[in-house]
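Enquirer: when you get a sec, could you give me coordinates for this:
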Amino acid sequence: MKKVLDLSVKKSDYSNVNILVIKTKWNEGVIEKMVDDCSKVFNKVNANFSTITVPGAFEIPFMVKNKANSYDAVVTLGAIIKGETPHFDIIAQSVSDQIMNLGIELNKPIIFGVLTTNNTEQALERAKTKGKELALSVLALLDELDG
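Expert: Below you'll find the model as predicted:
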């Protein structure tokens, strides 16, 4: 059963925050739905955001490390879809670990929005709600940091 994260934010205006969205070119058909929904949330609450595109999920941590200091928070958007080799497991675990570590190291919200699915259909299904959930997640964390 598909779960939907129900989050609310404390403010209607986030014009004082700068958020970086790092998205992948790989699996673009899946990613663009998440980018669109994420952007709608940020636009609705006047959050300032920029988008950077990297080739694939493996490159996301590198870009987080190099760009995050100029932003209050980062949202990562990618999709790793299982294939016939162990590549999926290696990339998914590496990217997940590095994004978590960077959030701790940089002491700021780095939202893990990299889908890990068994097939394209699962990725497209999850992408329907994830962009909004990820945008609300980063705003909720910024709310808590704001006190």
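
Enquirer: check this protein for its longest helix and report it.
Expert: helix 120-146 (DSSP state H).

Enquirer: quick one, helices of this protein?
Expert: 28-44, 60-67, 87-106, 120-146.

Enquirer: nearest to Leu20, of the ones you listed?
Expert: Distances from Leu20 to each of these were compared using Cβ to Cβ; the minimum, 5.8 Å, belongs to helix 60-67. In this view, the C-beta of every residue, glycine as well, is placed from N, C-alpha and C.

Enquirer: buried residues, that closest one. List them.
Expert: Taking 16 or more other Cβ atoms under 10 Å as the neighbour-count basis, helix 60-67 is seen to contain the buried residues Ile60, Pro61, Met63, Val64.

Enquirer: how about the CA coordinates for that helix, as PDB?
Expert: Coordinates of the C-alpha atoms in helix 60-67 are reproduced here as PDB (Å, rounded to 0.1, in the frame of the first residue of the first chain):
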ATOM      1  CA  ILE A  60      24.500  14.300  -6.500                       C
ATOM      2  CA  PRO A  61      26.800  14.100  -3.400                       C
ATOM      3  CA  PHE A  62      29.600  15.800  -5.200                       C
ATOM      4  CA  MET A  63      27.400  18.700  -6.200                       C
ATOM      5  CA  VAL A  64      25.900  18.900  -2.700                       C
ATOM      6  CA  LYS A  65      29.400  19.200  -1.300                       C
ATOM      7  CA  ASN A  66      30.400  21.900  -3.700                       C
ATOM      8  CA  LYS A  67      27.200  24.100  -3.800                       C
END
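
Enquirer: how far out from the middle of the chain is the longest helix of the chain?
Expert: From the chain centre to the centre of helix 120-146 is a distance of 7 Å (Cα atoms, centre = their mean, to the nearest Å).
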